[in-house]
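S.K.: Fold the following.
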Amino acid sequence: MIISQSRDGEIQTRIFKKLGYNIIRGSTGRGGVRALIESIRELKKGASMAITVDGPRGPSGVVQDGVLMMAQKSGCALIPVGTYAKPAWFAPTWDRYMVPLPFSRAVFLFGDAIYVQANASSEEVAELKKKLETEIHRVQTEAKDLL
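M.R.: Below is the predicted model:
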């Protein structure tokens, strides 16, 4: 899992490590190149990753280029995921970070895999970026509607 080097990221890192996840620290603003290289290396070894694609500063729901580069260089699929929990607390931040409350009901929906070919042109990558954003928004809305 990639988690930013922010203070919020430190809290997330502690929680996810206790849950047994391996963590790569870095984001668009700090440590991004190192995190990108380490992520590609781990993906090529067969790892699966969870990534918040809009980065540490947003804008919310806008896919950053690094995730597409990871998919392109590693050959791994991008799987859009939508989540929602009820009841939940939403942080008063740009991304409205959701924290499910105890005994919440939650929905996780997965969209179709998106592959970025190794030889994809910049135009093709831009199209896949739009497709990924659209699919994430679709499954996110569907998850919320189910609750």
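S.K.: where does the chain dip in pLDDT?
M.R.: When residues are selected by pLDDT under 70, those of the chain lie in 56.
S.K.: can you pull out the strands in it?
M.R.: Along the chain, the stretches classed as strands by DSSP state E are 2-3, 24-25, 81-90, 98-110.
S.K.: Out of the ones you listed, which is the most enclosed?
M.R.: strand 2-3 (a mean of 26; mean count of other CB atoms under 10 Å). Quick note: C-beta positions are derived from backbone N, CA and C, even for glycine.
S.K.: Give me the sheet partners of it and which way each runs.
M.R.: Under the criterion DSSP bridges, strand 2-3 sits next to strand 24-25 (parallel) in its sheet.
S.K.: So what touches the partner strand?
M.R.: Met1, Ile2, Ile3, Ser4, Gln5, Gly9, Thr13, Gly31, Ala35, Glu38, Ser39, Glu42 (CB atoms under 8 Å, 6 or more residues apart in numbering).
S.K.: what packs against the helix ranked longest in the chain?
M.R.: Counting residues, the longest helix in the chain under DSSP state H turns out to be helix 122-146. For helix 122-146, the helices and strands in contact under the criterion 3 or more CB pairs under 8 Å, 6 or more residues apart in numbering; DSSP states H and E are helix 65-74, strand 81-90, strand 98-110.
S.K.: chain center to that helix, what's the gap?
M.R.: Centroid separation for helix 122-146 versus its chain: 12 Å, with CA atoms, centre = their mean, to the nearest Å.
S.K.: List the buried residues for that helix?
M.R.: Val125, Leu128, Lys129, Lys131, Leu132, Glu133, Glu135, Ile136, Val139, Gln140, Ala143 (16 or more other CB atoms under 10 Å).
S.K.: and what of stretch 42-62?
M.R.: Glu42, Leu43, Met49, Ile51, Thr52, Val53, Asp54, Gly55, Pro56.
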